[in-house]
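*Asks:* with the input below, show me the fold.
(4 chains, ligands or ions: 4)
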Amino acid sequence: MSQIREIRVDYVARVEGQAEILVKVMGGKVEEAKLAVFEPPRFFETFMVGRRCGEAHEIASRICGICHVPHQVAALEAVEDGLGIEVDGQTRALRKLLNYANHISSHALSIYFLSVPDYFGKPDVLSMAGERPDLVRNAIRLKKVGDDITERFGGRAIHPITMVVNGFTRIPTKADLEWAKRELLAMKGFAMEGVDFVADLDVPDFERRCEHIALSQADQYAINEGRLVSTEGLDISPREYRAHIEETHTDYSWTKRSIVRGRDSFLVGPLARVNLNFDKLSDDAREAAKRVGFKPPIFNPFMAMLARAIELVNAIDDSVSIIENLRLENGPVTEESFEVRAGDGFAIVEAPRGILYHNYAFDSNGLIQKADVVTPTAHNSRNIERDLEALAPELCGMSPEEATLKCEMLLRAYDPCISCSVHLVEVK
Amino acid sequence: MRLENPYLAEECAVKRVKRQTPDVYTYTISYPRGSNRLRMPFRPGQFIMVSIPGIGEAPFSFSAWDDGKGIFDTTIRTVGNVTSALMKRGEGQRVWVRGPYGRGWPMEEAKGKDVLIVAGGIGMAPLRPVIELVAKNRRSYGGLEILYGARTPNDLLFADEFESWKGIPDADLLLTVDSVPKGIEWDHGVGVVTTLFDRMRTEPNDSIVMTCGPEIMMKFVVKGLLAMGFQPKDLYLSLERRMKCGIAQCGHCQIGPKFVCRDGPVFPYSELRGLPDLLV
Amino acid sequence: MGGKVIAKDSLGEFVSKLSERYRIFGPRKKGTEWIFDEVRSAEEMDLRYSTTILPPRKFFIPTSERIFSFKMDGGVEEPEERDGPSLIFGIHSCDLNALLLLDMVFLEGEFPSPSYARRRERTALVALTCIDPSENCFCESMGTGPSPAGGYDVLLTDLGREYLAESGSRRGEEMLALAKGRAVTAADLEGKAKAIECAKSKFKKKVDLKGIDELFLRNLDNPVWKRLGEKDLACGICVNSCPTCFCFDVRDQLDFPMVGGVRYKEWDACVLLEFSQVALGGNFRRDRAARIRQFIGHNLGWGGASQFREFKGRAKCVGCGRCIRYCPAGIDLTEVVKELRGI
Amino acid sequence: MAKPKLAVVKMTGCAGCQMEVLRIEDKLLDLVGAVDVAYFYMATSANRHGPYDVALVEGSVSTPRELRELKELRERTKLLIALGDCACSGCLPSIVNWVPPQESAKVYERFLEIHSKKESFQRVYPLSAHVRVDLELRGCPPHRDAILEALKGALLGIKPFLREHPVCVECKLKENVCLLVCEGRPCMGPVTAAGCGAACPSNGRVCEGCYGPMSDANASSLAEILAKRCGLSREDLIGKFRKYAGLTPAFSKEASGGI
Ligand SMILES: Cc1cc2nc3c(=O)[nH]c(=O)nc-3n(C[C@H](O)[C@H](O)[C@H](O)COP(=O)(O)OP(=O)(O)OC[C@H]3O[C@@H](n4cnc5c(N)ncnc54)[C@H](O)[C@@H]3O)c2cc1C
Ligand code: SF4
Ligand code: SF4
Ligand code: SF4
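*Replies:* Ligands and ions are numbered 1, 2, ... in the order given. Sure, this is the predicted structure:
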């Protein structure tokens, strides 16, 4: 009996941006498995041309209202790379602190606001408030800690303003640091419990081996700097990115999709990071992971949620240790206090949802000639479809509601940022 | 000595709401029993600050006052936050009232003289107490002539009182509107209020003019009356400015050296002449 | 009233004695400028400052201040004042005279402000004769400096290696009792007079006050206003940095979920469009030209004492020069006066 | 009385404004008590179609699909609030409106092929270009306090207090050293609407104008000052004004190079 099934989610809720999922199975064979993004493109790479390189990060920030910090850091590092500026340790530490703050609020949002309601049969986190008041209150508070640190150190919680080329326009005070440490430590307990809480959820049993790619550094958990490594032996610098990663188009989606040249699609994000950098996690994060039986590498994309819970512990621990080691010796800089020159700079940063690639070329007046940005969701988009393909036969046996939910849950596990996936330029 | 916070108001109740025109209502407000404001002297032309907690505060003139009962009327056009909230909440609502403030109409100076009232639209509200006072103390004043203009017949305030005004001895009421919508009967003037000057009987000598309405209207009223020989010191205008305190501190209502709240809102034209930011 | 001569070395001790009784606010460097800020010792102050970004009126009329809180179902609560005695150290003559002017607005009218009165009462003023007026100062023209005639508790004048400290009130006497120093001699007073003369010779800006109120009222239609209106940014910097501008807005703010809220006031400025806006979009000073004319006219023409008392002749402007220093558009009211006079 | 129905809708934007809505955390539970969140795709999967009492619309209009949706939404909504710069003025992506269309087509190798299926105007438009907007909450993103004020205003049926005066007012009241006057740095504060608490100058950065023009922006005078005091070239000035709100009437002349 030839069985045709179509599963369609017109507008996936509880993810950032606008996307639809379409899966078609005919006679047990997967005909189509599409992630179609109808979020319109915004042509960032086009209109950045001609702007000053000192503004690149401010503009790039608006690519995404959730992972604005990593966009800023990546743009700053790329521009500094092009200008030949080597920033001081204090700046690097503060940037990492801000990126961690972003990971904290984004992960808290992803786990508790976007994903967890599925496991409780609820439409959203607030409707869980009656049953799990503590959980909801703590989740809100955890997200708030990330936002508040961004606000206090970055000048604003969303699209912060103090990060500029070669430093910060405002250096936090000792009191700011002490406050941040207190706030972070106050949430440590909840973050630890979070690992057990997520591990106890009935996560779909599903595995598909694919290449996982993440930043990696020898001496620390890499989010702002490092080399790009993978489970298949990739080991490159940001400068070499284009030689190894390739982008393609489809006619049904505004998002472009990446593959490793000569290989296949790949996965980026918390699962890839934890898999590849397990030994760089903070002691508590690693212990918590071990306690719940997380043994890297894990190839179940739904387990990204657990990786996020583990990363939350790591982000708190690592932030606290950054704070403890910060000495705040250097003062603030102004928005464009550097000498312009021609350059071509590259950077890769870990956004909460995976690696983010920025490249800018500018002329001797510091005016951008070319901008190239590849976002985590663009990196993952092909891989999401490959997962849907693999999931499809299983979906056939489910009720339409169940099947739809499963697709949505998969998408939510990737925590896509759809707005930022649609602005891409093909650079030739 | 402990100074009293001048912004603290008295909680009063809106006893009655009466619709005057589609967007103007008269609110009858009463002070609580035992309030020490009950015997406050009140002069027509003064104003009070009315507020609704959480919405805001705004200045309004009295349109009537009953000393004995501690009840007053204020007639308000619905134009913004406070005025809409007042209108929506209707009878029974509680409002905060402080005042009265300011210098009212020259009721003393007008004694023994003819009184000419020239009002435009909502500007009739602060003048109604003048009419009532003149009627009550009929022998203290000379002739009373009321010129009243509005956009349409529907926009005339206190229309149900016109007959009784006309009944006041030695009093005249002349009406005019800018336009008459179809289907409405109208056997009075059509045109701006100054067109009534032709039919007016008040002479420049021994008379006091009290006018209130849009500033641009008052400009033409003043111009016309001056041309007819009225003296600047005999022309009284009630002005409106943004007001936030009512007590000469917030600065919003300044016109040159004058505070409208403290030195006005009623001014003789002789005091205004030559000041900045006036239309008149 | 008495006095003392305090060696500069002993000033620190004096300040620390004072700090046992008062919270002290003094001029402190902030970037290229200065602000009045809480200080714990004399070292934290920079007594060679010219003017601060915000004038000391911020201590008496806070930039934003709760008038009262309320509950929707009734009940009004006035803010509690718990602050103890404080002291402004090193206030210049212009700013001190500005306070005397604000007193007319907030104390001498029919409805004095209790919070202003309280703050004035509990705040001691240690004034400082200006010996080094800035390029924008013109207090001399306005009759408000460089050394104040009164209104202070203590007046300090830099005599080189020492300060001449004169008391101007009972409180001042008590304060001076805490200072180590020697008795005042005629030579010291002469030194003060010389210092003032020397300061006077340094003023670069001047305003001729003769008939200035009529000058403004006669020139309401002068083309200068239109020209200024084109340049003016309506940014409000001039007003907000003015030591005598007293205007404020009053607003209600409800908390969420709307069971109560506060009524508060916040500094407002006549150069802003909203300032004179009334319902239905009416505005009595829609043009920037009218607004800049109001600001300058109020300061030099029709404002000041004549607005609050019967007598004329004391302008609202005290010549501190802040509005000139901080105007991005380079608008200078002393130049405007010259232009009106046709100079 | 039934709770007012609230919709949070996204058009072309970065979701930052919705994130700012979510940042009303401490009030969120109260808010849910006071309003009925009927549509908020990013936060809930229980979404209902209108009519709505209040709609917060993030993002600008850049596709025919969005235009259709916006017009429908307008019909179903009593109070339509433009949430953030993209909705109010086009924000940074509006810079693309000055780029010739061929240039933006380069974004996709097979642009035309894709375009036939997924249309885009290759231009962004503020909501007010197409429908009546009842209230604009400007800023990139607007401050959550302003969002709260707007929601309170909607619940009370009053016009909320939003700061239409310039950033300089908030900046002065915070007693910041003026970056423009004292340091000669090109600050857009004097023409930019307040509401951010002078976030940038308070953190050592010049205002970039992200709240768009204030009520009475004198753009030409500031342009002259920035040229004179800070040495900005004509191109620099175009860049400054053609940034967050170049499409607004108050900035459009300077954004187009003075024409
Ligand atoms: C002395 C005086 C007497 C008045 N008497 C009356 C009267 O009898 N009847 C009547 O209908 N109106 C009168 N007005 C006008 C009335 O005050 C305004 O219509 C009212 O303030 C609008 O308030 P709102 O909150 O509804 O409007 P919004 O536009 O929401 O105003 C908000 C705030 O702006 C200020 N404001 C706005 N418009 C005015 C204005 N025209 N005058 C002063 N402040 C304003 C107020 O402080 C108000 O709280 C009088 C005004 C003054 C100055
Ligand atoms: S005069 Fe200067 S400081 Fe004052 S509002 Fe105008 S531009 Fe701003
Ligand atoms: S720094 Fe900018 S915002 Fe602040 S006062 Fe100066 S010009 Fe205005
Ligand atoms: S200071 Fe200017 S750029 Fe900065 S947040 Fe405020 S409005 Fe936006």
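*Asks:* from here on, contacts and neighbour counts on C-alpha atoms
*Replies:* Fine.
*Asks:* buried ones in the helix or strand where residue A:181 lies?
*Replies:* Using DSSP states H and E, residue A:181 maps to helix A:174-200. For helix A:174-200, burial by neighbour count (16 or more other Cα atoms under 10 Å in any protein chain shown) applies to A:177, A:180-181, A:183-185, A:187-188, A:190-192, A:194-196, A:198-199.
*Asks:* do the same with stretch C:59-79
*Replies:* Quick answer for stretch C:59-79 (16+ other Cα under 10 Å): C:59-61, C:63-71, C:76.
*Asks:* kindly report the same for stretch A:132-151.
*Replies:* For stretch A:132-151, the neighbour count (16+ other Cα under 10 Å) marks A:135-136, A:138-151 as buried.
*Asks:* so which of the residues you listed belong to helices?
*Replies:* Under the assignment DSSP state H, those contribute A:135-136, A:138-151 to helices.
*Asks:* and of these, the nearest to ligand 3?
*Replies:* residue A:151 (19.0 Å; Cα to the nearest ligand atom).
*Asks:* which non-adjacent residue is nearest that closest one?
*Replies:* residue A:157 (4.0 Å; Cα to Cα, 6 or more residues apart in numbering or on different chains).
*Asks:* in which helix or strand does the one you found reside?
*Replies:* Applying DSSP H and E, one finds residue A:157 in no helix or strand.
*Asks:* what about it, neighbour count?
*Replies:* 26 (other Cα atoms under 10 Å in any protein chain shown).
*Asks:* ok, it touching residue A:143?
*Replies:* No. Between residue A:157 and residue A:143 there is no contact under Cα atoms under 8 Å: 11.2 Å.
*Asks:* so who does the residue nearest to residue A:151 touch?
*Replies:* By Cα atoms under 8 Å, 6 or more residues apart in numbering or on different chains, the residues touching residue A:157 are A:147-151.
*Asks:* how near is it to ligand 4?
*Replies:* 11 Å (Cα to the nearest ligand atom, to the nearest Å).
*Asks:* need phi/psi at that residue.
*Replies:* phi -70, psi -40 (degrees, to the nearest 10).
*Asks:* helix/strand/coil for the residue of the stretch 51-200 of chain B found nearest chain C?
*Replies:* Closest contact between the stretch 51-200 of chain B and chain C, by Cα to the nearest Cα, is at residue B:54 (5.1 Å). Each residue gets one of three states, and residue B:54 gets coil by DSSP: H, G, I helix; E, B strand; the rest coil.
*Asks:* chain neighbours aside, what residue packs nearest to residue D:235?
*Replies:* residue D:257 (7.6 Å).
*Asks:* residues contacting the one you found?
*Replies:* By Cα under 8 Å, 6+ apart, residue D:257 lies in contact with D:234-235, D:237-238.
*Asks:* what subset of these is buried?
*Replies:* D:237-238.
*Asks:* below-threshold pLDDT in the stretch 301-428 of chain A: ranges please.
*Replies:* A:419-428 (pLDDT under 70).
*Asks:* can you map out the helices along it?
*Replies:* Assigned by DSSP state H, counting those that start in this stretch, the helices in the stretch 301-428 of chain A fall at A:304-325, A:376-396, A:400-414.
*Asks:* between the ones you listed, which gets nearest to residue D:5?
*Replies:* helix A:400-414 (25.8 Å; Cα to Cα).
*Asks:* helices or strands next to the closest one in the packing?
*Replies:* strand A:4-9, helix A:304-325, helix A:376-396 (3 or more Cα pairs under 8 Å, 6 or more residues apart in numbering or on different chains; DSSP states H and E).
*Asks:* what are the buried residues along the longest one?
*Replies:* The neighbour-count check on helix A:304-325 (16+ other Cα under 10 Å) flags A:304-320, A:322-323 as buried.
*Asks:* ok, the residue in the stretch 51-200 of chain C that ligand 3 sits nearest to - how many residues close by?
*Replies:* Ligand 3 sits closest to residue C:53 of the stretch 51-200 of chain C, with a gap of 10.2 Å, by Cα to the nearest ligand atom. The tally of other residues near residue C:53 (other Cα under 10 Å) stands at 26.
*Asks:* give me the nearest residue to it, chain neighbours excluded.
*Replies:* residue C:35 (5.6 Å).
*Asks:* hmm, the strand or helix carrying that neighbour in reach of ligand 3?
*Replies:* Assessed by DSSP H and E, residue C:35 sits inside strand C:33-39. No. Applying Cα under 6 Å from any ligand atom, one finds strand C:33-39 separated from ligand 3 by no less than 12.5 Å.
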